[in-house]
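> Compute the structure for the input listed below.
(2 chains)
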Amino acid sequence: DQQVKQNSPSLSVQEGRISILNCDYTNSMFDYFLWYKKYPAEGPTFLISISSIKDKNEDGRFTVFLNKSAKHLSLHIVPSQPGDSAVYFCAARVSGSARQLTFGSGTQLTVLP
Amino acid sequence: DAMVIQNPRYQVTQFGKPVTLSCSQTLNHNVMYWYQQKSSQAPKLLFHYYDKDFNNEADTPDNFQSRRPNTSFCFLDIRSPGLGDAAMYLCATAGALGNQPQHFGDGTRLSIL
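You can find the predicted model right below:
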């Protein structure tokens, strides 16, 4: 039973355009959501997060949107750069769960020059 | 730089031969995690330590054990590796307070001959 789903295994975007990565979840107890970026042969690197009390969080070119009623979050990257090409994982956490994260299966983003 | 370091980066062992993977951290974080990640799948939590308190996930096989001799180090022991245990093993740490992301090492790629 996948509680966090990333339904698109891959996404290709032209350099300079917007990349939108999507994530759906089923557990209404999740209250903290994160995005990680992973390059080949490296561990996941934290990118941006959002608490369930917010619906948007922005950090430079990266913005995460949370729609609690739809149990959906998305990561927007504007403008996309070739160095953004990586696997992006969304993750979610239930409050008081020793910060255990449930991960999606990832989306491979390719930014074409 | 404060970080999470995993050794070795690549490990090859024989079917049934015990193997130990190592993780160290300089972040002084209370919580340390071990994840297993197979190709194109989400990282799967095996267990975590909150300080010295060990927390096993319900579906983690008995073949997998862990030790945390001090704050800085955590080990993953696979007592009798099977072919299905070939995977990337990721160590992560997190602080105990507030909404903090997990910080990952670069992983150990385990191969079983």
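> now the most centrally placed residue in chain B: how far from A:V94?
For chain B, the residue sitting closest to the mean C-alpha position, by CA atoms, centre = their mean, is B:W34 at 2.9 Å. Separation of B:W34 from A:V94 (CB to CB, to the nearest Å) stands at 19 Å. In this view, the C-beta of every residue, glycine as well, is placed from N, C-alpha and C.
> since we're on the spatially closest residue to A:Q108 that is not a sequence neighbour, how many residues are nearby?
Closest residue to A:Q108 apart from its sequence neighbours, by CB to CB, 6 or more residues apart in numbering or on different chains: A:S10 at 4.4 Å. Counted with other CB atoms under 10 Å in any protein chain shown, residues neighbouring A:S10 total 10.
> what do you get for A:L34?
There are 22 residues near A:L34, going by other CB under 10 Å.
> Can you verify it is assigned to a helix?
No. Per DSSP: H, G, I helix; E, B strand; the rest coil, A:L34 lies outside any helix segment and is strand.
> which residues does the residue nearest to A:Y36 when sequence neighbours are not counted contact?
Sequence neighbours aside, A:P44 is the residue nearest to A:Y36 in space, at 3.8 Å (criterion: CB to CB, 6+ apart). A:P44 is in contact with A:Y36, A:K37, A:K38, A:F89, B:P43, B:L90, B:F104, counting by CB atoms under 8 Å, 6 or more residues apart in numbering or on different chains.
> Next, format those residues as TSV and append neighbour count, secondary structure and distance to B:K17.
Shown next, in TSV, are these (neighbours: other CB atoms under 10 Å in any protein chain shown; DSSP: H, G, I helix; E, B strand; the rest coil; distance: CB to CB, whole Å):
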residue	neighbour count	secondary structure	distance to B:K17
A:Y36	25	strand	32
A:K37	20	strand	35
A:K38	22	strand	29
A:F89	25	strand	31
B:P43	31	coil	25
B:L90	26	strand	22
B:F104	24	strand	27
